[in-house]
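Peer 1: my questions are about this predicted structure, shown below with the sequence.
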Protein chains: 2
Amino acid sequence: MAEWQPDTGGVRQDGAAPGSGPHHRGWLVLSPYGLDIIESCLTCKMRADRIFCDLNTAALQAFETIKYATAYPKGAVLFVEGQAPRGIFVLCKGRVKLSICATDGKTLILKIAEPGEVLGLSATVSGKPYELTAETIDPCQVNFVKREDFLRFLKENSDACFKVAEQLSDKYNNACHEVRSLGLSHSAGEKLAKLLLEWSSRNGESQKAEPRIKLALTHEEIAQMIGTSRETVTRLFADLKKRQIVQSKGSTLLIRNKAALKTLATNG
Amino acid sequence: MAEWQPDTGGVRQDGAAPGSGPHHRGWLVLSPYGLDIIESCLTCKMRADRIFCDLNTAALQAFETIKYATAYPKGAVLFVEGQAPRGIFVLCKGRVKLSICATDGKTLILKIAEPGEVLGLSATVSGKPYELTAETIDPCQVNFVKREDFLRFLKENSDACFKVAEQLSDKYNNACHEVRSLGLSHSAGEKLAKLLLEWSSRNGESQKAEPRIKLALTHEEIAQMIGTSRETVTRLFADLKKRQIVQSKGSTLLIRNKAALKTLATNG
DNA sequence: GGATTTTTGTGAGCTATATCACATTCAGAT
DNA sequence: ATCTGAATGTGATATAGCTCACAAAAATCC
């Protein structure tokens, strides 16, 4: 949870900090934090699946010259809410927790970002402070681009600019869902049901009669996602289990009664 | 509150619906609903102040050929959440209430959009359904642009595309604030205090020792903005008045103790 | 200028959930 | 294995704020 200095965390061999120093391609690639580094966007196999990354060759080459491939250990803080925007972080591998935090320490997790998502985008575009805090929860590979470089890149590549608009729309959409969940739910149970259903729809499991979810978060973190207390989450899970709606084996959760969960999620 | 058919509401004299029919400039401009219509974006005096509208001449001319100037009475519904995106609505005059609504009718007002804001933008860009409902609360002038036209326009005008990214960043920022307010506040009083302070900062009044706010909304609507019940809002106002923190004359609210309000907003 | 309709004000229960305070279990390190 | 810290499970208590049910006041309409 302590802020991990990203400025010392790159995989560059020349010791240059991401976001500073001369750019220099073709440097030696290591595998820090147990990661297999994707060396170049041009040869990245996942590119087509990722909204932002699927650029035309020209744009991709331009991007290649301004990005800094960096790696972070688990628990590293990419940026903190309120900071002036340094630039964008394209998540290539690993997951990142995006949260906002009150003065008293109370935290709300907005989402867990998956590879392909661009972090710090809206702040970088608007110039306003980062509105969230981004913290890795896995070892992560990230392409960092300095704000000035990125803005120039956008002006010169209208294709990329449009993809940025798409990404931002996506983020906005997401935020609206969060607002709906927080603002229009009648109970914590409703919010939890919504969250579980959303998770099950992420990993193609939602079609199945009894979808499985990998519970990668603690009750505390789940509580922070739906804006309740940890104890309430524990009690809600106990209740769902007692009512045979879910069932857990280790860290996987099996949804036994999808219909009941849906009812809870709508008429909470 | 009933959905007012925007398709019949344009000021065009040829009876063509906005979003359909051939385009045709130079048509007669009326002043329906008591509005002074801004005929052309090229001659619009407010253009420079408005993020999206301040385009270069080429883009502006292109925009001029695809936009439909329309007017709506108070209470008209521009679009409803869940609808497939027809296009964008650039608000030129009047205010529009943006809200989300639960199945049981419970409503949450996200914001009151002011002139210059582009409505339905993220849905139009992403192709996903409108995430909000937009309803006019004044007679409004609106420039409507069909989705296909707008997307083509964006591809051809990188300048405009960048402005769209800026607008979307702004919207995202706004949504994040809403999430913070809903998710991290400890009490309804805290949220109300936050809202009042935000309002006072909108109309340059915030610098003054005792800022004034025009209360244009009912308690019911304020309740919908902060996600509580109407009665709670009434009681909170009564409390604020009793404690000499605010004072109301007619529809204007005078903040007598800004410091106390700030304390409420942070350590609620 | 009355007559509706909308908005505001106020009281009285009820309930979900925060909070505190522990016990228990689990997972990772030595 | 043993220790240690984190993560869960569970009870008891307090309370903010929702809901219902009206009364008063203000605004809007003929």
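Peer 2: Yep, it's here.

Peer 1: wait, residue A:75 sits on residue A:138?
Peer 2: No: if you go by CB atoms under 8 Å, residue A:75 and residue A:138 don't touch, sitting 9.6 Å apart. C-beta: built from backbone N, CA, C; applies to glycine.

Peer 1: contacting residues around residue A:129?
Peer 2: A:81, A:82, A:83, A:84, A:85, A:123 (CB atoms under 8 Å, 6 or more residues apart in numbering or on different chains).

Peer 1: show me which of the residues you listed neighbour chain B.
Peer 2: residue A:123 (CB under 8 Å from any CB of the partner chain).

Peer 1: write out the residues of the stretch 151-268 of chain A neighbouring DNA strand D.
Peer 2: Counting by CB under 7 Å from any atom of the strand, the stretch 151-268 of chain A comes close to DNA strand D at A:186, A:218, A:219, A:220, A:230, A:231, A:234, A:235, A:237, A:238.

Peer 1: check the spacing between the second one and residue A:56 real quick.
Peer 2: Read it as residue A:218. Separation of residue A:218 from residue A:56 (CB to CB, to the nearest Å) stands at 42 Å.

Peer 1: wondering if the host helix or strand of residue A:234 reaches DNA strand C at all.
Peer 2: Mapping residue A:234 onto the secondary structure by DSSP states H and E places it in helix A:230-242. Yes: using CB under 7 Å from any atom of the strand, helix A:230-242 reaches DNA strand C at A:231, A:232.

Peer 1: and the next helix or strand after that helix, what's buried?
Peer 2: Counting by DSSP H and E, the element after helix A:230-242 in chain order, helix or strand, is strand A:246-249. Across strand A:246-249, burial judged by 16 or more other CB atoms under 10 Å in any protein chain shown covers residue A:246.

Peer 1: stretch A:125-144 now?
Peer 2: A:125-126, A:130-144.

Peer 1: which of those residues fall within helices?
Peer 2: A:125, A:126 (DSSP state H).

Peer 1: how far away is the closest residue to DNA strand D within the stretch 51-200 of chain A from chain B?
Peer 2: Going by CB to the nearest atom of the strand, DNA strand D is nearest to residue A:186 of the stretch 51-200 of chain A, at 6.8 Å. The gap separating residue A:186 from chain B is 8 Å, by CB to the nearest CB, to the nearest Å.

Peer 1: what does the pLDDT read for that residue?
Peer 2: As predicted, residue A:186 sits at a pLDDT of 93.

Peer 1: kindly report the same for residue A:37.
Peer 2: At residue A:37, pLDDT is 69.

Peer 1: and the one 5 residues further on, by the same measure?
Peer 2: Per-residue confidence (pLDDT) for residue A:42: 88.

Peer 1: touching, the residue of the stretch 51-200 of chain A closest to DNA strand D and residue A:268? I think so.
Peer 2: Yes: judged on CB under 8 Å, residue A:186 makes contact with residue A:268 at a distance of 4.7 Å.

Peer 1: please enumerate the helices of chain A.
Peer 2: Under DSSP H, chain A gives helices at A:57-66, A:121-126, A:147-156, A:158-184, A:188-202, A:219-226, A:230-242, A:258-266.

Peer 1: keeping just the C-alphas, turn the last one into PDB.
Peer 2: Coordinates of each C-alpha in helix A:258-266 appear next as PDB, following Å, rounded to 0.1, in the frame of the first residue of the first chain:
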ATOM      1  CA  LYS A 258     -28.600 -17.600 -11.000                       C
ATOM      2  CA  ALA A 259     -32.300 -16.700 -11.100                       C
ATOM      3  CA  ALA A 260     -32.400 -16.000  -7.400                       C
ATOM      4  CA  LEU A 261     -29.300 -13.900  -7.700                       C
ATOM      5  CA  LYS A 262     -30.800 -11.900 -10.500                       C
ATOM      6  CA  THR A 263     -33.900 -11.300  -8.400                       C
ATOM      7  CA  LEU A 264     -31.800 -10.000  -5.600                       C
ATOM      8  CA  ALA A 265     -29.900  -7.800  -8.000                       C
ATOM      9  CA  THR A 266     -33.100  -6.100  -9.400                       C
END
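
Peer 1: wondering if it reaches chain B at all.
Peer 2: Yes: remark: helix A:258-266 sits within contact range of chain B at residue A:266, by CB under 8 Å from any CB.

Peer 1: give me the residues contacting that helix.
Peer 2: Contacts to helix A:258-266, defined as CB under 8 Å, 6+ apart, come from residues A:189-190, A:193-194, A:196-197, A:209-211, A:240, A:243, A:245-246, A:255, B:103.

Peer 1: return the closest of those with respect to DNA strand C.
Peer 2: Using CB to the nearest atom of the strand, residue A:189 comes nearest to DNA strand C of the contacts of helix A:258-266, at 5.6 Å.

Peer 1: what about the closest one, neighbour count?
Peer 2: Applying other CB atoms under 10 Å in any protein chain shown, we find 19 residues neighbouring residue A:189.

Peer 1: wait, it sits on residue A:267?
Peer 2: No: applying CB under 8 Å as the test, residue A:189 and residue A:267 come out as separate, 10.7 Å apart.

Peer 1: the residue sitting nearest the centre point of chain A - nearest residue in space that isn't next to it in sequence?
Peer 2: Taking CA atoms, centre = their mean, the centroid of chain A lies closest to residue A:113, which sits 1.2 Å from it. Leaving aside its sequence neighbours, residue A:113 sits nearest to residue A:96 (CB to CB, 6 or more residues apart in numbering or on different chains; 4.4 Å).

Peer 1: distance check, that neighbour against residue B:224.
Peer 2: Distance from residue A:96 to residue B:224, by CB to CB: 33 Å.

Peer 1: next one: residue A:229
Peer 2: Distance of residue A:229 to residue B:224, given as CB to CB: 26 Å.

Peer 1: now residue A:135
Peer 2: 33 Å.

Peer 1: can you pull the pLDDT of the nearest residue to residue A:81 once chain neighbours are set aside?
Peer 2: Nearest non-adjacent residue to residue A:81, counting by CB to CB, 6+ apart: residue A:133, 4.9 Å away. On pLDDT, residue A:133 comes in at 96.

Peer 1: how many residues are close by residue A:58?
Peer 2: The number of residues near residue A:58, taken as other CB under 10 Å, comes to 12.

Peer 1: give the contact list for residue A:180.
Peer 2: With CB under 8 Å, 6+ apart, residue A:180 has these contacts: B:100, B:102, B:108.

Peer 1: make it 6 Å
Peer 2: residue B:100 (CB atoms under 6 Å, 6 or more residues apart in numbering or on different chains).

Peer 1: cool, and residue A:252?
Peer 2: A:212, A:214.

Peer 1: and with 10 Å instead?
Peer 2: With contacts defined as CB atoms under 10 Å, 6 or more residues apart in numbering or on different chains, the neighbours of residue A:252 are A:212, A:213, A:214, A:215.
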